[in-house]
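Novice: This is a predicted model, with the sequence first.
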Amino acid sequence: MATTTNYSWTTPDDTDLVKDGAAAIRTLGSSADTTVKDLNPGTTAGDIDYYTSGTAKARIAIGTAGQVLQVNSGATAPEWATPAAPASGLNLISTTSFTAVATQSFDNVFSATYENYVIIMRFHSSSNNATHFRLRASGTDATGGNYFSAVRSLSTGAVLTTEFAGSGSTYFQIGNLPTTSATTPQYLSMTLYNPYQTSSYKAQNHNYVQGSGDKGGYGWGSFSVSATAYDGFSIFNGSGGGATLTGTISIYGVSK
């Protein structure tokens, strides 16, 4: 029996009787219908057709909101996938709030994942005091005399002064705070360099704005000469006498 060239649809032979014409037309029409459906396999709005070979087609159903079209792992067909979150400059590691504490510690927040970190602090003090910062390793503060710091400030009196300078100290000083409240907190942004590196000095610089007392802006720079890989830090009240801190601290890793 005769067939078509491309899809081998059955057609009447030249010698077939005319009475078989209707059946032959139905056979040919059914073959064409099947082939056309194979070439257009979509069944639902949003379907995408693709070829699985030179002539065969298949469909991929529409994906879900937010997905993107990509090639599968075998590079044989398209597929829908949820895109990976884009890398950003700052990646939040943790946010911690604390109330009326003399010391607040943060463990396991530094690692080999990041070299540098940004720490955002908003807190207030129950009494006039200095706030101190220490690096930590395995849950223990580093209290050796390896910290060096200096600060410059500009107060509301337009006076530029050196507030603090420390050499071989047992902490970084990060503030010299008057008694404050939730409505007049201290805002502090610190960049901490290499806390988890053993081959580099640990350094930090930060700025903070003082909301009460002798209001002003302060710029600090500090470094530690220790070769320890530190995984955390603590802040604490330097004045003693039961003074406490209340606030929120967020820690971000800086993408390499």
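Specialist: Sure thing, it's come through.
Novice: contacts, neighbours, all on C-alpha from now
Specialist: Will do.
Novice: helix/strand/coil for S30?
Specialist: Following DSSP: H, G, I helix; E, B strand; the rest coil, the label given to S30 is helix.
Novice: quick one: it and A58, what's the gap?
Specialist: According to C-alpha to C-alpha, to the nearest Å, S30 stands 20 Å off from A58.
Novice: same question, Q204
Specialist: 59 Å.
Novice: who's more crowded, these two?
Specialist: More neighbours surround Q204 than the other of Q204 and A58, with 21 against 18 (other C-alpha atoms under 10 Å).
Novice: and that one, which of the three is it?
Specialist: The three-state label given to Q204 by three-state DSSP is strand.
Novice: per-residue confidence at it?
Specialist: We have a pLDDT of 83 for Q204.
Novice: show me the contacts for it.
Specialist: 190-193, 221-223 (C-alpha atoms under 8 Å, 6 or more residues apart in numbering).
Novice: out of those, which is most surrounded?
Specialist: S222 (22 neighbours).
Novice: The closest residue to F223 other than its chain neighbours: what's it in contact with?
Specialist: Residue nearest to F223 in three dimensions, not counting chain neighbours: A203, with 4.0 Å by C-alpha to C-alpha, 6 or more residues apart in numbering. When contacts are counted by C-alpha under 8 Å, 6+ apart, A203 touches 192-195, 221-224.
Novice: among those, which one has the lowest pLDDT?
Specialist: Minimum pLDDT for these is recorded at G221 (70).
Novice: how about it, secondary structure?
Specialist: strand.
Novice: which residues does it contact?
Specialist: Applying C-alpha under 8 Å, 6+ apart, the residues near G221 are 149-151, 203-206.
Novice: Just to check, N91 is in contact with V254?
Specialist: Yes. Because the distance of 6.5 Å satisfies C-alpha atoms under 8 Å, N91 is recorded as touching V254.
Novice: higher neighbour count, these two?
Specialist: A side-by-side neighbour count of N91 and V254, using other C-alpha under 10 Å, places V254 first with 19 against 15.
Novice: If we ignore the residues flanking it in sequence, what's nearest the more buried one?
Specialist: Once flanking residues are discounted, V254 sits nearest to L90: 4.9 Å by C-alpha to C-alpha, 6+ apart.
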